[in-house]
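A.B. asks: Please work out how this folds:
(chains A and B)
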Amino acid sequence: MEPGSPPLYPQSRGAASALPPQTRASHGLEQFFSSIQDQENLSILDFAGASQANISFITALGHRIYSNDIVRTLEESFGNDGDFVANQSDPQRAAAFLRESLDFPENSFDGALVWDTLQFLAPPLLQDTVDRLFHILRPQSYLLAFFHAEEKADTIPLYSYRIVEPKVLSLTPRGQRKAAQYFNNRSLEKLFQKFNSVKFFLTRDHLREVIVRR
Amino acid sequence: MWNKRKEEEYPPKSGPAPAAPANQTKENPPMSTAPAASHHVSDSRGPAVIGKSVMIKGQIFSREDLTIDGEVEGSVELHEHRLTVGPHGKLQAGVKAREIVVLGSVHGNVEASDKIDIRKDARLVGDIKTARIVIEDGAYFKGSIDIARPETTKPAAAPAPKPVVSTSSPANAAAVSAPAGDLNR
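C.D. replies: Here you go, the predicted model:
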């Protein structure tokens, strides 16, 4: 965390929680669920943290959900002291974060809902995280991630993502945060170069939805 | 369980009933007073409670509802009953029960044949297997959720089984759940 800046999660939650949730259509989410339709007993990784909406939606489709609030884990791993981004370069802390968040056997999951969490990871840890996601996802499975598309924005909004319908999301604001880096299509293709394919949906609200096929 | 054990170890004596109060009338015969008093105590005390100053290491089996507000390391099994982990409760344990309500902290795999209810400010790290789950906003959960499907009794005539998971919104979750005041019963 930058010195003097608010923590990623706890302090931002109070002010932001007063703001009402907003709903938005998501083509990425629609594509994610269309990729797993007519299948059951899949394992879906959800980085949004436990919510009744996501748990009910995914388990009602007959799947298992693995829930983890990765933003909170980030805050606990790197946000307690010093610089949030610089702390991510500490090999011991980075290893602890990966162990805490993504310590699963190979091919454990049939899909991953990563939401906007990758934006807050600094480059070395970001690539390690993506590599780990590649490792734990089964071939042909999909990963959904969001990246803010406004290059000049000082800070970007942080949300809790709740699934309303297969192509509708409810976003509850969790405050603002400076992204670790800006991503364009090219940098995203490079980030996910191990994966089979990368598809982008650029939305009106400066959010780049990315659906990645393992 | 803990409360009850005392009663089991020291059952009410079957000897003569205690002396009737001076104002005892014939409409209220003395014979009925002792058992009735004992039964009344048993009903009014509510579920067994492990208090917040108690720490247990080992296995807990219970044949009645149990509230844990202390610390437990090991395993907890109440197959046909309800387990409540109170706000001060800290479990490092595998848990099996019919219904599980978490207000405190649980670290371990959890299995409920009926329902798991994770309240606001609760913390659960472990894998869940249950028929239904209610999780309030503000609860922390890390782990997998596996919804056990009910077995269909009439496969030929029955309609397609519907998912049994609760579809209540977070706002409704509290309404679905039993009030926290249950703990104080």
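A.B. asks: check contacts around A:Val212.
C.D. replies: A:Tyr142, A:Leu143, A:Leu144, A:Ala145, A:Phe192, A:Phe195, A:Ser197, A:Val198, A:Lys199 (CB atoms under 8 Å, 6 or more residues apart in numbering or on different chains). Quick note: C-beta positions are derived from backbone N, CA and C, even for glycine.
A.B. asks: Same question for A:Tyr66.
C.D. replies: The contact partners of A:Tyr66, by CB under 8 Å, 6+ apart, come to A:Ser43, A:Ile44, A:Leu45, A:Asp46, A:Phe109, B:Gly143, B:Ser144, B:Ile145.
A.B. asks: Mind giving me the packing neighbours of the helix or strand hosting the last one?
C.D. replies: Spelled out, that is B:Ile145. Counting by DSSP states H and E, the element that carries B:Ile145 is strand B:140-147. Counting contacts by 3 or more CB pairs under 8 Å, 6 or more residues apart in numbering or on different chains; DSSP states H and E, strand B:140-147 packs against helix A:52-60, strand A:64-67, strand B:123-125, strand B:128-135.
A.B. asks: Direction-wise, compare the first one with strand B:128-135 and give the angle.
C.D. replies: Yep, that's helix A:52-60 we're talking about. Angle of helix A:52-60 versus strand B:128-135, following axes from the mean of the first three to the mean of the last three CA atoms, to 10 degrees, is 140 degrees.
A.B. asks: could you check the angle strand B:140-147 makes with helix A:52-60?
C.D. replies: 20 degrees.
A.B. asks: Please enumerate the helices of the chain.
C.D. replies: Here I'm looking at chain A. Along chain A, counting by DSSP state H, helices occupy A:10-16, A:27-35, A:52-60, A:70-78, A:84-87, A:91-102, A:123-136, A:185-191.
A.B. asks: other chain: chain B
C.D. replies: Counting by DSSP H, the helices of chain B are B:2-9, B:33-44, B:170-176.
A.B. asks: what about the second one, average pLDDT?
C.D. replies: Averaging the model's pLDDT scores along helix B:33-44 yields 45.
A.B. asks: cool, and stretch B:47-60?
C.D. replies: Mean pLDDT, stretch B:47-60: 92.
A.B. asks: Stretch A:166-182 now?
C.D. replies: In the prediction, stretch A:166-182 has an average pLDDT of 83.
A.B. asks: what comes up buried for it?
C.D. replies: By 16 or more other CB atoms under 10 Å in any protein chain shown, the buried positions in stretch A:166-182 come out as A:Lys167, A:Leu169, A:Ser170, A:Leu171, A:Thr172, A:Pro173, A:Arg174, A:Gly175, A:Arg177, A:Lys178, A:Ala179, A:Ala180.
A.B. asks: repeat for stretch A:80-97
C.D. replies: A:Phe84, A:Val85, A:Asn87, A:Gln88, A:Ala94, A:Phe97.
A.B. asks: Closest one to chain B out of these, please.
C.D. replies: Using CB to the nearest CB, A:Phe97 comes nearest to chain B of these, at 13.4 Å.
A.B. asks: From A:Phe78, how far out is that closest one?
C.D. replies: 7 Å (CB to CB, to the nearest Å).
A.B. asks: Between those two, which contacts overlap?
C.D. replies: Common contact partners of A:Phe97 and A:Phe78 (CB under 8 Å, 6+ apart): A:Gln88.
A.B. asks: can you map out the strands along chain B?
C.D. replies: With DSSP state E, the ranges of strands along chain B come out as B:48-50, B:55-61, B:66-68, B:71-85, B:90-102, B:105-107, B:110-118, B:123-125, B:128-135, B:140-147.
A.B. asks: For those, give me TSV that also has mean neighbour count.
C.D. replies: Below are the strands of chain B laid out as TSV (neighbours: other CB atoms under 10 Å in any protein chain shown):
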stretch	mean neighbour count
strand B:48-50	22
strand B:55-61	13
strand B:66-68	24
strand B:71-85	20
strand B:90-102	22
strand B:105-107	21
strand B:110-118	22
strand B:123-125	20
strand B:128-135	24
strand B:140-147	21
